[in-house]
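>>> sharing a sequence plus its predicted fold:
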There are 2 protein chains.
Amino acid sequence: MTDDPHASTMLIWARLMRAGGQIAARIEAALKAEGLPPLGWYAALWEIEQAGSVRPLALHEGLLLPQYAVSRLVERLVQAGLVARSAVAGDGRGQVLHLTPEGKAVRARMWPVYAGALRAGIEARLQPAQALGLARGLGRLLDGVVRDGAVRDGAVRDSST
Amino acid sequence: MTDDPHASTMLIWARLMRAGGQIAARIEAALKAEGLPPLGWYAALWEIEQAGSVRPLALHEGLLLPQYAVSRLVERLVQAGLVARSAVAGDGRGQVLHLTPEGKAVRARMWPVYAGALRAGIEARLQPAQALGLARGLGRLLDGVVRDGAVRDGAVRDSST
DNA sequence: GTTATCTTGATGCGCTTGCATCTATGTGCT
DNA sequence: AGCACATAGATGCAAGCGCATCAAGATAAC
């Protein structure tokens, strides 16, 4: 049986999981330490704030979350007073989401914490050239993204899970 | 606010999460399609099989899972008949885990599926030199692992046998 | 030898997730 | 209009997770 993956494949896989987990854990810990909501909320708040207003369906696509997860995440955000739902004209089943002022405030307070963790977990560990190389290498693993130079990832601003 | 992370940092972060999620999803889907247990089980079975027998505490460290998660994972593996617990001589509170024959069989049936998904998700997308570069770049993000050339990551190696 | 402390692992509780299904509204066909 | 089908989003249920705490055995101190 030597159709086993090459050793470097295994190494990439192991490190991919570990690095991702480590950094995510770092971010979550930092947020929690500040009494802020979890990482997942940031992504949603960011998407909504960016767009001004969004349909949940758009979140489902943008955040790569299953539909029911969006439904419940939005519910929690609304409960927390960060997001408001309003009916959409012309489609009785749909809804439109936008941030409340409090939602914007919370997103804004989360960002420096998030950013700090990213700088510590990623930026501080890589030379600029290494960073570019790593970004490119990771890009090759992605389904949609192929072109080497300038690549259009969907939603690659600061979001995440 | 220009203590924001550099754009390439954001790109790395986004792609790290996306690539990791994508590949993990691919593997899980392949396993499920074959009626096999989830990815997490593989890691545990593999660790136990490698060592011959393990203390749960060792799994906790090796798999980077919280202690209670190990406790419950092991419980499920035992329920499924894949792992057996036995008391450890000299320490009445501890236990030792080892695979049942069925556990070995399941692990062995999981491997080709797992490996196939890894080849499709990783190996097929990278030239050997690119793979090395990526592995190295990811290594820089990890906490413990630093040495560039030969690195001893804790986990995932191949398994063939 | 009794008491405090540490270690190993389990567990009760509440929340989240995954899966399947449901409701309600919209669209298209005849 | 009437009926099938598609789309947007919610939800019941079972399983899993995180957190805090617990029980039982081991160690150390006095």
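Done, it's in.
>>> any residues of chain A in contact with DNA strand D? List them.
Within chain A, the positions adjacent to DNA strand D are A:32, A:55-57, A:60, A:67-68, A:70-72, A:74-75, A:85, A:91, A:93-95 by C-beta under 7 Å from any atom of the strand. Just so you know, the C-beta spots here come from the backbone N, C-alpha and C atoms, and that holds for glycine as well.
>>> which strands and helices lie in contact with the lengthiest helix in chain A?
When chain A is scanned for its longest helix (criterion: DSSP state H), the result is helix A:7-33. If contacts are counted by 3 or more C-beta pairs under 8 Å, 6 or more residues apart in numbering or on different chains; DSSP states H and E, helix A:7-33 sits against helix A:39-51, helix A:101-121, helix B:7-33, helix B:101-121, helix B:128-141.
>>> tell me which of these sits nearest to A:Trp13.
helix B:101-121 (5.7 Å; C-beta to C-beta).
>>> would the one helix or strand A:Glu75 maps to count as contacting DNA strand C?
Secondary structure assigned from DSSP states H and E places A:Glu75 in helix A:67-79. Yes. For helix A:67-79 and DNA strand C, the contact criterion (C-beta under 7 Å from any atom of the strand) is met by A:68-69, A:72-73, A:76.
>>> could I get those as a markdown table with neighbour count?
Listed next are the residues of helix A:67-79 next to DNA strand C as a markdown table, based on neighbours: other C-beta atoms under 10 Å in any protein chain shown:
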| residue | neighbour count |
| --- | --- |
| A:Tyr68 | 9 |
| A:Ala69 | 14 |
| A:Arg72 | 12 |
| A:Leu73 | 20 |
| A:Arg76 | 14 |
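>>> which positions within the longest helix of chain A qualify as buried?
A:8-20, A:22-24, A:26-28, A:30-31 (16 or more other C-beta atoms under 10 Å in any protein chain shown).
>>> run the chain-centre distance for it.
The chain centroid and the centroid of helix A:7-33 are separated by 14 Å under C-alpha atoms, centre = their mean, to the nearest Å.
>>> same deal with stretch A:48-56?
15 Å.
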